[in-house]
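Engineer: Sequence below, structure please.
(2 chains)
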Amino acid sequence: MEDALKKNLEKLLKEEGLNGRVTDLEYLTGGASNETWKFFFSSKTEKKHMIFRRSLGESSPMAISKRDEASIQQLAFKKGAPVAKIIAIADKDSTLGDAYIMKHIEGETIARKILRDKEYSQAKKKLAYECGEAIAKIHQVPINNFKNMQVSSPKDLIHQLYLTYEGFKQPLPVFEFAFKWLEDQDFGEPIEKLVHGDFRLGNLIISKNGLEAVIDWELAHIGNPIQDLGWICVNSWRFGHSKNIVGGFGEIDDLLSGYSSVCKNNITHEQIKTWQIFGTLRWGVICLIQTFSHLYGRTNSVEKAAIGRRVSETEIDLINLIFLGGK
Amino acid sequence: MVFDRPTAFELLDSVSVFLEEKIKGELPKHLAFNVQIAINVINIVKREIENGKEINESSKKLIADILQQGNSTESLSKAIKDGKIDLDNKELQKVLLEITKMKLSVDNPNYSTYKDLVE
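Structural biologist: Numbers count the residues shown, from 1 in each chain, chains lettered A, B, ... in the order given. Below is the predicted model of the structure:
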């Protein structure tokens, strides 16, 4: 199977004018919906590692296609956001299916390592600022490129999330409370921007010098830009380092200064917190999606089964944020 | 009790220790990660066996005390959704907090927010 994959990768690269050999194919991550491989490409003029990502059919309800993911990355790259350069996009009818190849970028993605290891202590000091900057650059991508993408107001988003939650028929009083509470909150000006949708450690390549690249664009959509700023503050993405509000490593003021250095705005801490609460609820519903895809899906996954018992983590966070004055 | 020792709890404990001490270290990274999840799952079930029944009973009582009718999470959810209880109701907030803390004591007592709230 790996030999066939190598041949198909060589074929796709050849179509881009890159005539050479693919070796050292290494499986990096994957699940039921997609997988990521690393490989070495060598031709007369080039020798380098590349990354291959492809969809495996069973896509999650919120995810966009790999081809769309790649086109969005290309546009964000043009706006100067730290993004891996796209090398080739497969034709969806080809043997590779919905897939693309991008440049390999050195660095670490495992959140717990980045937050724990001394190697990253310098990088972490300016990471919140760099994240703000990167998020702002993503928000600069002109959205007229995405005519086929759904545009959702906060109200729409909450409603969609509620329908998904309700569909699982597992009543959660804290979620009901949060949904109702969110109805009357200030989500900021109704601006529409390209939103990454899952901007947090795990989806960021970090080196000892700082933020190298933003990856995993499958939840990208058009919506309110503050969503990305609130999402990275969700406690689940602090990976136990809960005192550092931004991603387990930084402060909101630094995130906002980075953001403002690229993009003028009047975003307040309160609005970010409202989106953080929305994000916490969104993560809770994503946990439910994962759980029920294990319960009703075709493949057994202990990881997805276990995530069902992480829903209560989002419940305690919602309580802490909404009526205990938590951060 | 017709069942002999080991108890359900003790049986699960033996599996969890076996996976931790004998299996995890033998496996490649991505499988070791899944075995760690399996160990976590066993530990959830152990805690539920120990305290689940009591937690269910206390939760029902807490819910019954603030609702006119019903004692299930379903009835509490519906009362909140239909606006039968005000979100500012301090008793409601207290009940939600108490129940959620009890859930966390089984699901993940190491979770940061839970630890901060019980310590």
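Engineer: Mind giving me the packing neighbours of the longest helix out of those in chain B?
Structural biologist: Criterion DSSP state H: the longest helix present in chain B is helix B:29-66. Applying 3 or more CB pairs under 8 Å, 6 or more residues apart in numbering or on different chains; DSSP states H and E, one finds that helix B:29-66 contacts helix A:302-307, helix B:8-18, helix B:73-81, helix B:90-107. Yep, even glycine has a C-beta here, placed from its N, CA and C like the rest.
Engineer: quick one: average confidence on the third one?
Structural biologist: pLDDT averaged over helix B:73-81 equals 97, rounded to a whole number.
Engineer: got the contact list for it?
Structural biologist: Helix B:73-81 is contacted by residues A:171-173, A:175-177, A:179-180, B:59, B:63, B:66-67, B:69-70, B:84-85, B:87, B:92, B:95, B:99 when judged by CB atoms under 8 Å, 6 or more residues apart in numbering or on different chains.
Engineer: for stretch A:69-83, same thing?
Structural biologist: By CB under 8 Å, 6+ apart, stretch A:69-83 touches A:53, A:64, A:84-86, A:89, A:100, A:102, A:130, A:134, A:137-138, A:140-142, A:145-146, A:194, A:211-214, A:217-218, A:220.
Engineer: Filter those down to the buried ones, PyMOL style.
Structural biologist: Command for PyMOL that selects the buried part of the contacts of stretch A:69-83, burial taken from 16 or more other CB atoms under 10 Å in any protein chain shown:
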select buried, chain A and resi 53+64+84+86+89+100+102+130+134+137+138+140+141+146+194+211+212+213+214+217+218+220
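Engineer: Now, the contacts of stretch A:69-83 that are in helices?
Structural biologist: In this view, the contacts of stretch A:69-83 that belong to helices under DSSP H are A:130, A:134, A:137, A:138.
Engineer: and the helix or strand containing residue A:316, does that touch chain B?
Structural biologist: Residue A:316 belongs to helix A:311-323 when assigned by DSSP states H and E. Yes. With CB under 8 Å from any CB of the partner chain as the measure, helix A:311-323 is seen reaching chain B through A:312, A:313, A:315, A:316, A:317, A:319, A:320, A:323.
Engineer: Tell me the one of the ones in helices among the contacts of stretch A:69-83 nearest chain B?
Structural biologist: residue A:130 (24.3 Å; CB to the nearest CB).
Engineer: Skipping adjacent residues, who's closest to that closest one in space?
Structural biologist: Leaving aside its sequence neighbours, residue A:130 sits nearest to residue A:211 (CB to CB, 6 or more residues apart in numbering or on different chains; 4.2 Å).
Engineer: List the residues that contact that neighbour.
Structural biologist: A:82, A:123, A:127, A:130, A:131, A:134, A:204, A:205.
Engineer: That one bridge partners, please.
Structural biologist: residue A:206 (DSSP bridges).
Engineer: Equivalent analysis for the one 10 residues further on, please.
Structural biologist: Beta-bridge partners of residue A:221, counted by DSSP bridges, are residue A:195.
Engineer: pLDDT score for it?
Structural biologist: Reported pLDDT for residue A:221: 90.
Engineer: doesn't residue A:153 make contact with it?
Structural biologist: No. Look at residue A:221 against residue A:153 with CB atoms under 8 Å: they stay out of range, at 11.9 Å.
Engineer: who's more crowded, those two?
Structural biologist: residue A:221 (18 against 13; other CB atoms under 10 Å in any protein chain shown).
Engineer: Return the distance of that one relative to chain B.
Structural biologist: Residue A:221 is 27 Å from chain B, where distance means CB to the nearest CB, to the nearest Å.
Engineer: which residues touch that residue?
Structural biologist: A:64, A:149, A:150, A:152, A:195, A:197.
Engineer: and if we set it to 10 Å?
Structural biologist: Residue A:221 is in contact with A:62, A:64, A:72, A:146, A:149-152, A:157, A:194-197, A:227, counting by CB atoms under 10 Å, 6 or more residues apart in numbering or on different chains.
Engineer: List buried residues within those residues.
Structural biologist: Applying 16+ other CB under 10 Å to these flags A:62, A:64, A:72, A:146, A:149, A:152, A:157, A:194, A:195, A:196, A:197, A:227 as buried.
Engineer: Tell me which two of the residues you listed sit farthest apart.
Structural biologist: Pairwise distances across the buried ones among the contacts of residue A:221 (CB to CB) peak at 18.8 Å, for the pair A:72 and A:157.
Engineer: before we move on, back to that, using ChimeraX, define a selection of the buried residues within the contacts of helix B:73-81.
Structural biologist: To isolate in ChimeraX the members of these that are buried, counting by 16+ other CB under 10 Å, one can use:
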select /A:171,172,173,175,176,177,179,180 /B:59,63,66,67,85,87,92,95,99
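Engineer: what's the domain layout of chain A?
Structural biologist: Chain A breaks down into these domains under automatic domain parsing: A:2-103, A:111-323.
Engineer: Between its first and last residues, what's the separation in the shortest one?
Structural biologist: In domain A:2-103, first residue to last residue: 20 Å (CA to CA, to the nearest Å).
Engineer: chain center to that domain, what's the gap?
Structural biologist: Its chain's C-alpha centre and that of domain A:2-103 lie 17 Å apart, by CA atoms, centre = their mean, to the nearest Å.
Engineer: got it, and stretch A:250-263?
Structural biologist: Per CA atoms, centre = their mean, the centroid offset for stretch A:250-263 relative to its chain is 19 Å.
Engineer: Rounded mean pLDDT for that stretch, please.
Structural biologist: Here the average pLDDT along stretch A:250-263 is 97.
Engineer: Of all the residues in stretch A:111-122, which ones are buried?
Structural biologist: Quick answer for stretch A:111-122 (16+ other CB under 10 Å): A:111, A:114, A:115, A:120.
Engineer: Other residues contacting that stretch?
Structural biologist: With contact meaning CB under 10 Å, 6+ apart, stretch A:111-122 is reached by A:107-108, A:110, A:123-124, A:127, A:200-210, A:237-241, A:244, A:247-249.
Engineer: mind redoing it with 6 Å?
Structural biologist: With contact meaning CB atoms under 6 Å, 6 or more residues apart in numbering or on different chains, stretch A:111-122 is reached by A:108, A:201, A:202, A:206, A:208, A:239, A:241, A:248.
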